[in-house]
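Chemist: Predicted model follows, preceded by the sequence.
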Amino acid sequence: MTLTDTRVDDSYPTRITGKPEHLPRTHPTVWGTEGDGPLDAATLANHETRGYTVVDQLLSPGEIQTYWQELVRMSSGDHRDDERVITEAKTGEVRSIFDVHETSALIAELVRDPRVLDRARQILGSEVYIHQSRVNYMPGFKGTGFYWHSDFETWHAEDGMPAPRAVSCSIALTDNYPFNGGLMVMPGSQRTFVQCAGETPQSNYKSSLKEQRVGVPGEDDITKLAAEYGIDQFTGQAGSALWFDSNVMHGSSNNITPYPRSNIFIVFNSVENALREPFAAIERRPAFIAGRDSTPLSR
């Protein structure tokens with residue numbers, strides 16, 4: 001018997017045999033109220049509807065430079081034996097570095113900064129902890145994108161996250177143009193859970209972090225979602241931040257321009273939504289990808 005055989009309370013079944021379906025979301029997107037944090041009622045209502053919020057100039061120019069230097073420091077050196085460092089499949093260049101709130105004192109401070117932490121608490125309506133943190137590098141000419149996917153589908157299937165009560169914060173450290181691989185989102189798509197077909201391979205994360213093949217929707221699914229919700233793109237100056245729901249369908253294209261695109265990516269999960277055993281995998285992913293210490297973050 002596998003772990004998935006024991007899941008009888010699964011509201012979002014996925015990695016199925018047969019034809020995947022589009023299921024209605026049974027949980028809210030915004031759990032808090034205007035009185036819980038810095039976002040006003042109109043912004044919260046828009047976030048509930050569209051599934052994402054852009055905050056301009058979250059970081060100052062000086063802070064941007066400080067964090068950029070930190071990204072350069074973390075990407076230098078020999079990473080061949082560090083499983084937290086994900087490299088490009090074709091070039092071997094650093095693609096992502098995970099668990100950065102544990103390895104960088106600067107980012108450990110950032111996740112507790114009121115500008116960040118208070119918004120996470122407000123959107124999720126509770127105390128929060130870090131499910132995942134990473135820095136993403138998309139160098140000019142060589143940066144490869146991420147195919148369309150819902151983060152929650154993977155976190156549910158492979159990490160055991162019960163409900164989509166998690167929110168991601170992507171903080172741009174470079175200018176995001178429409179042409180250098182900026183993140184695309186389907187506004188409102190968080191209201192639809194798209195099942196995916198296929199069994200989760202053992203140690204799937206070792207290949208999926210470079211190029212995800214299991215847990216991605218089919219082209220027909222993407223076509224239907226795009227027709228219903230449309231596509232927006234996150235563009236703006238360095239220092240801006242995109243907050244988006246864990247179930248929003250999103251992706252990015254390759255960067256063939258000279259302009260790099262890098263960001264700090266932080267996933268907050270509600271302490272009331274702590275991970276269980278995986279819903280559609282036979283093993284847990286490592287803690288550097290899916291944190292299981294649900295101790296609330298404090299300033």
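Modeler: That came through, no problem.
Chemist: Tell me where this structure has strands.
Modeler: Ranges of strands in the chain, per DSSP state E, are 22-24, 52-55, 85-87, 94-98, 128-138, 146-149, 166-172, 184-185, 192-194, 232-233, 241-245, 250-252, 261-270.
Chemist: Phe279 is nearest to which of the ones you listed?
Modeler: Phe279 sits nearest to strand 192-194 of all the strands of the chain, at 12.2 Å, using C-beta to C-beta. Heads up, the C-betas are built off the backbone N, CA and C, glycines and all.
Chemist: which residues touch the closest one?
Modeler: For strand 192-194, contacts defined as C-beta atoms under 8 Å, 6 or more residues apart in numbering pick out 12, 14, 20, 22-25, 150, 152-153, 164, 217, 221, 225, 247, 249.
Chemist: Quick one: distance of that strand to the chain centre.
Modeler: Its chain's average C-alpha position is 16 Å from that of strand 192-194, according to C-alpha atoms, centre = their mean, to the nearest Å.
Chemist: cool, and stretch 173-185?
Modeler: 15 Å.
Chemist: Just the C-alphas of that stretch, formatted as CSV.
Modeler: Below are the C-alpha coordinates for stretch 173-185, written out as CSV (Å, rounded to 0.1, in the frame of the first residue of the first chain):
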residue,chain,number,x,y,z
LEU,A,173,15.9,42.5,-8.3
THR,A,174,16.1,43.4,-12.0
ASP,A,175,13.7,45.3,-14.2
ASN,A,176,11.0,43.1,-15.6
TYR,A,177,10.2,43.8,-19.2
PRO,A,178,7.6,42.2,-21.4
PHE,A,179,10.4,40.6,-23.4
ASN,A,180,12.9,39.2,-20.9
GLY,A,181,10.9,36.2,-19.6
GLY,A,182,8.7,38.0,-17.1
LEU,A,183,6.2,35.9,-15.2
MET,A,184,2.8,35.4,-16.9
VAL,A,185,-0.3,34.7,-14.8
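Chemist: show me what contacts the residue lying closest to Arg15 once chain neighbours are set aside?
Modeler: Nearest-residue entry for Arg15: Ala280, 3.7 Å, with adjacent residues in sequence omitted and distances by C-beta to C-beta, 6 or more residues apart in numbering. Contact analysis of Ala280 by C-beta under 8 Å, 6+ apart lists 4, 13-15, 156-158, 200.
Chemist: Most neighbours among those residues, please name it.
Modeler: In terms of neighbour count, His156 stands highest of the contacts of Ala280 at 29 neighbours, by other C-beta atoms under 10 Å.
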